[in-house]
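Asks: here's a sequence, model it:
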Amino acid sequence: MARDLTKLFSPQSIAVVGVSRTPAKVGAIVLKSIIKFGFKGKIYPVNPAVDQIGSLQCYPDLKSLPEVPDLAIVAIPAAAALEILQQAGEKGIKNVLIFAAGFKESGEEGLNLENRLVEIAKRYDIDVLGPNCLGFVNTLCPINATFGDVSGRPGNIRFISQSGAIASSMFDWCKNSNLGFSEFITLGNKAVINENDILEYFLHHKNKPLASSDQQGLSDVFPVGLYLESIVDGRRFIKLVQNLTKTNPVFIIKPGKSHAAVEAMRSHTGAIAGEDAVLDVALKESGAIRCQTLEDFFDLSRAFAWENAPKGPRVAVISNAGGPAVISTDAIVKERLEMAKFDEKTKESLQQVLPRSASVLNPIDVLGDALADRVAGAAEIVLATDQTDALVVILTPQVMTQMAKTAQLIGDLSAKYQKPIFCSFIGGSLVVEGEKILNEYKIPSFRFPERAVTAVGAMWRWKKQQMMQTNLFDISTISLQMDEDRIKNILHKALVDNQTTVDGEAANQLLTASGIATPNTAMIADIKQAIEIANNIGWPVVLKLSAPGLLHKTELDGVITEIANKEELTVAWAKLQISIKKLEALAQKDVKVIIQKDITNGVEVIVGVKRDITFGPVLLFGAGGTLAELIVDRNLQLLPVNIAQAKKLVEQSKIYSILKGYRGGFPYALSRLYELIVRLGKLVGICPEIKEMEINPVIVTRSGTFAVDAKIIIKSQEGPNL
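Replies: Below is the predicted model of the structure:
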């Protein structure tokens, strides 16, 4: 059930616990911030040692307040904060903000404190923001419930940050850049309220219309920027983001690509990170944009807040210098945008306002001696045509350059033509005045042209994603038939036998019950039986060992392939007997030998599923067999998966160039491969007992697909795999 956070972020009455006459204390700073920001509701300072703060009467505790406030702000240390939370519950207060650190991010003792906090919140049905957070700002209320220095300038962008330090930096940057925002919410440890609750609030909470003077120059959307160190309930997160991105851009920066970063986050906010590659796929499919750096995050904040996304990929470049223009051209190609092409009429119009030696091709070189009118004249011609979707204006500070006037004229053109303009004024102190004017006009400006182009590329990808978006998890029921009773019985037996993995024989039965084709396979007791079965199923054959926990058979010389005749089979049998003796005693007791038809003239691929800690089951496809270790061909897809998605997954792999028929060759059985992928996804979907499953290789021939070897983990292992 969604939380109603309206009174938390737009309260009509506030109690501030921990106020002080000492200006440097958090309680004093927060109270001053609330008053200075222009909060229009009632304020109740709480401190048993103080009678009055300024003109406000001070109360000894929450129960003595004359009414139940919409929000209680707790500005006292961690241990004492729990007592205040208890008082808030007894008073009937439903929204509480806790600043204090010293909870789960600080170790076991802090974790115990946080667990008690959660218990109290649940008991009294309290929505708690924090702890270990900076608070929140709502410029439309207005309220600044932080101890940060925040400009009161309203805007259309909304922020969520798990880091108070990032928020403080953003406050200062927004003030310096003239960028307003509507709401900025910091999460801290997310003990009760997490990012999904805030996204749900953003999704359903109607933004109050800004005053016309504030709205001027803003984009038509309400962007959402997130800094997160962990994600709670990844599936819900992706659904919410997908719904938001249907109308508004969402961009996110999330660290955790390296092991060191993951460890740092654990000490910071107690976050537990999932696999980063899975996050990339989840965000891509949801329509969100992932920022790689803080610089990207800041750039997109301004770009999405001030400019509408281009309606197409065509970019025109105007520059007073050749070098930066060429650099921007490379960046446009890299971002998979297009250089706008002008017709003869447009070129003739440009020739009339530019010197003969200037270039009227794209990029347009207005030359180094260009005054503001020349730059603006060329820009107006380009903006007036239907041959460009976005304009990038590059200016270097040369002797004749009029930075301020050029910025003013560009701002006027932006208001006139309502087409996205991005500027790159390259330099230092000589470009500052021009940048300030661009900020006043709400024109995104960047010190380097590549950054401007990167922002354009991200905005176009979001716009394009909007037009192509499908509902990620609402997939029609997969009609492929499976023997579910048999599947459940196989897994149940393994669990009853206290196995952590399914042995080779049972794995083969599980695949067959799922409708996934396997080579002819049989258990053998001796060499005589092996020869008899090989004659029946046809040569060549494969011998392999099978035992519970025996996952890496090749490394233990437990697989012998390409056995072409009786003599080779006899030698292979003897080799496996030696391999069996190398196994631990328990494995030797349960080991079996399997004979299997050797599938030749096919392409080896890998198909697997792993349950990600954040996003649930994730499917992997790529080159298999020995190629899996030689080339990086790792393509991921969140489950469930349908045929169309399986097809897309395969087509983005490196091995697809061979599967489709290399250089005009006859294609392999791709439709059978797509079906196998869907069946595997469905199998894991109906079997929560399966924690991880890998078929490597799946051999794809011209006529079919065969699951040759499956590894299935059904519960957490306490020791290393054999």
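Asks: give me the beta-bridge partners of the closest residue to L244 other than its chain neighbours?
Replies: Residue nearest to L244 in three dimensions, not counting chain neighbours: V250, with 5.3 Å by C-beta to C-beta, 6 or more residues apart in numbering. Heads up, the C-betas are built off the backbone N, CA and C, glycines and all. According to DSSP bridges, the partner residues bridging V250 are V224.
Asks: was I right to think V250 contacts L228?
Replies: No. Using C-beta atoms under 8 Å, V250 is not in contact with L228, being 11.6 Å away.
Asks: coming back round to it: for the residue nearest to L244, the count of nearby residues, please.
Replies: 25 (other C-beta atoms under 10 Å).
Asks: ok, now K284?
Replies: 14.
Asks: OK, contacts around it?
Replies: R290 (C-beta atoms under 8 Å, 6 or more residues apart in numbering).
Asks: please pull out the lowest mean pLDDT helix or strand from this structure.
Replies: Within the chain, no helix or strand scores below helix 259-269, which has a mean of 50 by mean pLDDT, DSSP states H and E.
Asks: any idea of the mean pLDDT for the helix or strand following it?
Replies: Using DSSP states H and E, the helix or strand that follows helix 259-269 towards the C-terminus is helix 276-286. Averaged across helix 276-286, pLDDT comes to 90.
Asks: check which residues of helix 276-286 are buried.
Replies: Residues 278-279, 281-283, 285-286 are the ones in helix 276-286 that count as buried (16 or more other C-beta atoms under 10 Å).
Asks: ok, stretch 608-623 next?
Replies: By 16+ other C-beta under 10 Å, the buried positions in stretch 608-623 come out as 608-612, 614-623.
Asks: which helix or which strand is home to L383?
Replies: Using DSSP H and E, L383 falls in helix 372-384.
Asks: pull the distance from that helix to the chain's centre.
Replies: Chain-centre distance of helix 372-384: 39 Å, with C-alpha atoms, centre = their mean, to the nearest Å.
Asks: repeat for stretch 290-308
Replies: 15 Å.
Asks: so where do the strands sit in the stretch 101-250 of the chain?
Replies: Counting by DSSP state E, counting those that start in this stretch, one finds strands in the stretch 101-250 of the chain at the ranges 127-129, 135-138, 143-146, 157-161, 181-186, 224-227, 250-253.
Asks: dump the ones you listed to JSON lines, plus mean pLDDT and distance to T600.
Replies: Listed next are the strands of the stretch 101-250 of the chain as JSON lines, based on pLDDT from 0 to 100; distance: least, C-beta to C-beta, whole Å:
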{"stretch": "strand 127-129", "mean pLDDT": "98", "distance to T600": "63"}
{"stretch": "strand 135-138", "mean pLDDT": "97", "distance to T600": "64"}
{"stretch": "strand 143-146", "mean pLDDT": "97", "distance to T600": "68"}
{"stretch": "strand 157-161", "mean pLDDT": "97", "distance to T600": "55"}
{"stretch": "strand 181-186", "mean pLDDT": "97", "distance to T600": "60"}
{"stretch": "strand 224-227", "mean pLDDT": "98", "distance to T600": "51"}
{"stretch": "strand 250-253", "mean pLDDT": "96", "distance to T600": "47"}
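Asks: let's have these in JSON lines, adding distance to V456.
Replies: As requested, the strands of the stretch 101-250 of the chain are exported to JSON lines (distance: least, C-beta to C-beta, whole Å):
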{"stretch": "strand 127-129", "distance to V456": "36"}
{"stretch": "strand 135-138", "distance to V456": "29"}
{"stretch": "strand 143-146", "distance to V456": "33"}
{"stretch": "strand 157-161", "distance to V456": "18"}
{"stretch": "strand 181-186", "distance to V456": "22"}
{"stretch": "strand 224-227", "distance to V456": "17"}
{"stretch": "strand 250-253", "distance to V456": "14"}
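Asks: do you know which of those strands lies nearest N196?
Replies: strand 157-161 (10.3 Å; C-beta to C-beta).
Asks: could you check how far the closest one is from the centre of its chain?
Replies: For strand 157-161 - counting by C-alpha atoms, centre = their mean - the centre lies 15 Å from the chain centre.
Asks: with just CA atoms, put that strand into PDB.
Replies: Provided in PDB are the C-alpha atoms of strand 157-161 (Å, rounded to 0.1, in the frame of the first residue of the first chain):
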ATOM      1  CA  ILE A 157      13.100  19.400 -11.200                       C
ATOM      2  CA  ARG A 158      12.900  17.000  -8.200                       C
ATOM      3  CA  PHE A 159      15.800  15.300  -6.500                       C
ATOM      4  CA  ILE A 160      16.200  12.300  -4.200                       C
ATOM      5  CA  SER A 161      19.600  11.700  -2.600                       C
END
